[in-house]
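Trainee: next one to model:
(one chain, ligands or ions: 1)
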Amino acid sequence: MEILNTISENLQKGKSNAVKELVREALDKGISAEDILEGGLIGGMDVIGTKFMKNEIYVPEVMLAARAMTAGMEVLRPVLAGAGVQPRGRVVIGTVKGDLHDIGKNLVKMMMEGKGIQVIDLGTDVPAERFISAAMEHEARIIACSALLTTTMPEMKKVVELLKEKGLRDKFTVMIGGAPVTDAYRESIGADIYTPDAGSAAEAAAKVFAD
Ligand code: B1M
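Mentor: Here you go, the predicted structure:
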């Protein structure tokens, strides 16, 4: 679809206002929020990721593209979050300590909200201790950790170990995800659930609350 390519191109150029307008236009044309997300926004961010890896672009360009992605996601938020759904359980979510990537985490949050799950967002650079204290404070059932850097993944292990140390391991389901995270890693650190994307994370969380 032509408009999805245009969204992707404008995202890559960091044009937040244009992305917002185009996302609205695409919704008005009857294109689903999921298609806009996948084909336009995530598609554009994938191109940025590849160029960043090849040193064809640098952090400032990536930040502008990330801002445009967030602007587009904000337009999709009410559609994805399905207004009026009854809350069915509580999750605390955050990007782990040392890690400032929050686009994927925000998507997971949005998708979970779309399933009627109440999500307490701790933001980025969240230490293991904080995940646990927030989960206790808000009486959450799930602790959801996102990491985009191989160097920050070990903070997820810390969450699991700290829960064990405190005698709280059985009280919470620990979900993990992010581009470098795998199910093998989940198994190695003793977390409960790994999912590769935001949609499957929301499905998995809903299943925890249904059980
Ligand atoms: Co950074 N960065 N970055 N970056 N960045 C990556 C991750 C990198 C792969 C780029 C590259 O080299 N190709 C690389 C990591 C290498 C590695 O560790 N293996 C990298 C690097 C090196 C860095 C810096 C160190 C760069 C520097 O300063 N020299 C620095 C680190 C800063 C820090 O965190 N301390 C840095 C900084 C940044 C920006 C600030 C410029 C910006 C972030 C802006 C922001 O988030 N607000 C940024 C961005 C945008 C990227 C890329 C290009 C895109 C990430 C993204 O948002 N993708 C990324 C390259 C890439 O991934 N291709 C890159 C879109 C998003 C929808 O996908 O977050 O993967 P993602 O989320 C997915 C799934 O992973 C999953 O669901 C989402 C899809 O549905 N998911 C979960 C995520 N969390 C989940 C949790 C779950 C379940 C699923 O359960 C709880």
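Trainee: quick check, C145 in a helix?
Mentor: No - C145 is assigned strand when assessed by DSSP: H, G, I helix; E, B strand; the rest coil, not a helix.
Trainee: that one contacts F172, doesn't it?
Mentor: No - the pair C145 and F172 does not pass the contact test of CB atoms under 8 Å, sitting 11.3 Å apart. Heads up, the C-betas are built off the backbone N, CA and C, glycines and all.
Trainee: more crowded one of those two?
Mentor: Residue environment comparison for C145 versus F172 gives the larger neighbour count to C145, 31 against 20, counting by other CB atoms under 10 Å.
Trainee: could you pick out the longest helix of this structure?
Mentor: When the chain is scanned for its longest helix (criterion: DSSP state H), the result is helix 59-80.
Trainee: list the residues that contact the residue sitting nearest the centre point of the chain.
Mentor: Taking CA atoms, centre = their mean as the criterion, K105 is the residue nearest the geometric centre of the chain, at 2.1 Å. Contact partners of K105, counting by CB atoms under 8 Å, 6 or more residues apart in numbering, are I93, G94, T95, D121, T124, S146.
Trainee: rewinding a little: and the longest helix of the chain, what does it pack against?
Mentor: Applying 3 or more CB pairs under 8 Å, 6 or more residues apart in numbering; DSSP states H and E, we find helix 59-80 packed against helix 2-12, helix 16-28, helix 33-35, helix 43-53, helix 103-114.
Trainee: comparing the ones you listed, which comes out most buried?
Mentor: Highest mean neighbour count among those (mean count of other CB atoms under 10 Å): helix 103-114, with a mean of 23.
Trainee: okay then, goodbye and thanks.
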